[in-house]
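1. okay, predicted coordinates and the sequence, questions at the end:
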Amino acid sequence: MRWHEWTARILIVIIFVILPVTILGYQYGIRPATNGIRVIDVKAAAPEAGGFQPDGIQVQAGETVTLRFMADDVTHGIAIGPGLDVDLGPVDPGHVKEITMTFDHAGTYTFYCNTWCSPNHWRMRGVIEVRDTANTIPIPQRDPVIEALIAEGIDIDAAHDSSNFEESHNVLDTNPSGLRGENLIPRLSVPTELQDEVWRHSHTPMDGLDLLVMSNPGFNRSDLADAVAYLWAVDISPSLAAQNLYNQNCAACHGETGDGDGPAASLTVNEPVAFSDIAYMFTRRSDVLYAKIRRGGMGTDMPNFGTLFTAEETWALVDYLWSLSDSHLQP
Ligand code: HEC
Ligand SMILES: [Cu+2]
């Protein structure tokens, strides 16, 4: 029966040739052409396998583009920041996640992987340059918090200093508890500095404890430390958004509960800091934590996140780190 054979052949041609050509032609040819939107394909692979390709994209301000991310090797997560609120979620190998978006403002944005995919995962980043009509990219604004720290003479690029940490452990005979401190606060004379969030951001809880001890001679030091823990670690509002950012971008090293023991902790040059250690946190300043998150720690394997998150997101992360230091707040 020859016509059977012919039908089969025609079917095979339709399935293996015409169908794929039509689909590919639509994806790469007709679709971009009909709606005028540029489609930019980005291959996502772990950094040692090439990272994002391309890792640089140029867009005009006001231009709408479709970004298509296809995972090549393992599952990646795709997010774009700062301030764009784009999180495409995980992309499995061989799959594609796409977004059509308009870049309203000229500037430099970063697309990055937010799923732990390899020991070099956090190097998996690409840049989107959005140019204005004069074809320029504005220079990123200086960060007033970081400028102030530099003016103060603080070396924010140095590895964390734990010399005053031993001292803190000795001074705090028991771990301060913000929950206990909450009940004590109404009975204390709290200096105005301690009530001021701006002051608290640029001082350590130890500085706060010294002040509180001076203005409350009748109380013992460890009770006052509880009150200080309340001010720094409990009287804050860590957001769900910050928790998500932390779990996606930080927990691999610092651990989900901030114990410094995430699955990637053994791979870093320096040990990731344990935020759950409140005695350690008593020696830390919020503005320095903020600066470290934005700039990273040179040579320590603490990545820099300044090109990924807004200043607000970074402060929210700082709050979240403090919430990890008070054990009763932990998830
Ligand atoms: C690749 C592992 C890794 C990841 C991911 C990571 N960190 Fe770190 N982080 C480190 C290491 C290692 C250090 C210790 C650096 C040092 O010795 O100063 C550190 C230090 C820090 C410090 C400084 C603490 C101090 O006392 O000076 C802060 C703050 C911090 N990390 C916050 C974060 C946040 C927030 C994220 C996620 C947005 C994050 N880290 C993601 C490895 C990591
Ligand atoms: Cu990845």
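-> Nice, thanks for sending it over. Ligands and ions are numbered 1, 2, ... in the order given.
2. next up, phi/psi of residue 113, please.
-> phi -90, psi 130 (degrees, to the nearest 10).
3. who does it form a beta bridge with?
-> residue 78 (DSSP bridges).
4. give me the neighbour count for it.
-> 30 (other C-beta atoms under 10 Å). To be clear about C-beta, it is placed using only N, CA and C from the backbone, and glycine gets the same treatment.
5. contact partners for it?
-> Residue 113 makes contacts with 44, 76-79, 121-122, 124-125, as judged by C-beta atoms under 8 Å, 6 or more residues apart in numbering.
6. got the residues you listed as a markdown table, with neighbour count and distance to residue 320 columns?
-> Converted to a markdown table, those look like this (neighbours: other C-beta atoms under 10 Å; distance: C-beta to C-beta, whole Å):
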| residue | neighbour count | distance to residue 320 |
| --- | --- | --- |
| 44 | 28 | 27 |
| 76 | 29 | 24 |
| 77 | 23 | 19 |
| 78 | 26 | 22 |
| 79 | 20 | 17 |
| 121 | 21 | 20 |
| 122 | 25 | 18 |
| 124 | 26 | 23 |
| 125 | 17 | 22 |
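7. which one of those residues is nearest residue 64?
-> Proximity of those to residue 64 (C-beta to C-beta) peaks at residue 78, which lies at 18.1 Å.
8. just to check, the closest one is in contact with residue 44?
-> Yes: at 6.9 Å, residue 78 and residue 44 qualify as touching, with contact defined as C-beta atoms under 8 Å.
9. what sits in contact with each of those two?
-> Joint contacts of residue 78 and residue 44 (C-beta under 8 Å, 6+ apart) are 69, 91, 113.
10. what's near enough to touch the second one?
-> Read that as residue 91. Counted by C-beta under 8 Å, 6+ apart, residue 91 has contacts 44, 69-71, 75-78, 97.
11. with the first one instead?
-> Contacts of residue 69 were listed using C-beta under 8 Å, 6+ apart, and they are 42, 44, 76, 78, 88, 91, 96-98, 111.
12. export the residues you listed to TSV and tack on distance to residue 267?
-> Listed next are those as TSV, based on distance: C-beta to C-beta, whole Å:
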residue	distance to residue 267
42	26
44	21
76	18
78	23
88	26
91	23
96	30
97	27
98	32
111	24
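13. just to be sure, which of those are found in helices?
-> Among these, none falls in helices (DSSP state H).
14. ok, and of these, which contact ligand 2?
-> residue 76 (C-beta under 5 Å from the ion).
15. so what does the helix or strand harbouring residue 223 touch, helix or strand wise?
-> Applying DSSP states H and E as the criterion places residue 223 in helix 221-229. With contacts defined as 3 or more C-beta pairs under 8 Å, 6 or more residues apart in numbering; DSSP states H and E, helix 221-229 has these neighbours: helix 178-184, helix 205-215.
16. contacts only, for the closest residue to residue 272 other than its chain neighbours.
-> Nearest residue to residue 272, sequence neighbours excluded (C-beta to C-beta, 6 or more residues apart in numbering): residue 253, at 4.1 Å. Listed by C-beta under 8 Å, 6+ apart, the contact set of residue 253 reads 260, 262, 264-265, 268, 272, 301-302.
17. show me how this structure divides into domains.
-> 36-140, 144-329 (automatic domain parsing).
18. ok, and what's touching stretch 295-303?
-> Here stretch 295-303 has contacts from 122-123, 146, 156-160, 253, 267-270, 272, 292, 304-306, using C-beta under 8 Å, 6+ apart.
19. go with 7 Å
-> 122, 156-157, 159, 268-270, 292, 304, 306 (C-beta atoms under 7 Å, 6 or more residues apart in numbering).
20. next: stretch 255-273.
-> Against stretch 255-273 from outside (C-beta under 7 Å, 6+ apart): 116, 119, 159-160, 247, 251-254, 274-276, 299-301, 321, 324, 330.
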